[in-house]
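Novice: Provide a 3D model corresponding to the input given below.
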Amino acid sequence: MFRKLLSILRADIGKDGPVNAKNPLEIVKASYRDLCRLAEQIEDHAQKAPYPHVAQRLKLIAAEKRSIAGLLKDKMLSLGAHPEESKFDIKGGKNHWERIAKDIDDQRALENQFQEYAVLLAEQAPEISDLLERIVADQAHHRESLLDLLARADPQANLS
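Specialist: Next up, the predicted model:
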């Protein structure tokens, strides 16, 4: 039954995903890129935060994401590839509340994507699968911190 579920997941992600699901290196590259993009987005939102303590908390989250992305970069280098540095599309919002809500959505999507990749790679590349699962576990507190910031934010404030 597990094998059947795994084959269904592989088929679904292979069709719809932007990554060649059978290539562990491509999954590592995409994961690195997506994690760096979210770190940059949160850093951008930190610069627009309405209060210094909020900005500091967001900067800490972004720094931790960059540090964790370093693990993916190391794995990529060990597989003989080099990360591609690029300009990322940053999602914004008209106020702090909207920006944090986008960060939470992107955090959840990233966690789900990493978990799907981990399942796909469980047999083919267990070390990468374990790394992705560890990253999801290590970042759970980021989602909680962002949810806390969202709960404290005023959705009616038109702050820039």
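Novice: in the helix or strand containing residue 60, what counts as buried?
Specialist: Assigned by DSSP states H and E, residue 60 belongs to helix 52-78. Using 16 or more other CB atoms under 10 Å as the test for burial, helix 52-78 gives 54-55, 57-59, 61-62, 64-66, 68-69, 71-73, 75-76. From N, CA and C alone the C-beta is placed, and that goes for glycine too.
Novice: per-residue pLDDT, residue 89?
Specialist: Listed pLDDT for residue 89 reads 84.
Novice: Leaving out chain neighbours, which residue sits closest to it?
Specialist: residue 37 (7.4 Å; CB to CB, 6 or more residues apart in numbering).
Novice: Buried residues in whatever helix or strand that neighbour lives in, which are they?
Specialist: Taking DSSP H and E as the criterion, residue 37 maps to helix 24-47. Neighbour-count burial for helix 24-47 flags 24, 27-46 (criterion: 16+ other CB under 10 Å).
Novice: Residue ranges in this structure under the pLDDT threshold?
Specialist: By pLDDT under 70, the weakly predicted segments of the chain are 1-21, 155-160.
Novice: For burial, what's the neighbour tally of residue 49?
Specialist: Residue 49 has 20 neighbours, counted by other CB atoms under 10 Å.
Novice: ah, wrong one, I meant residue 23
Specialist: Counted by other CB under 10 Å, the residues lying close to residue 23 total 14.
Novice: Next, it: phi, psi?
Specialist: Backbone geometry at residue 23, expressed as degrees, to the nearest 10, gives phi -110, psi 100.
Novice: Return the distance of residue 82 relative to residue 154.
Specialist: Per CB to CB, to the nearest Å, residue 82 is found 44 Å from residue 154.
Novice: isn't residue 44 right up against residue 91?
Specialist: No - counting by CB atoms under 8 Å, residue 44 stays clear of residue 91, with 9.2 Å between them.
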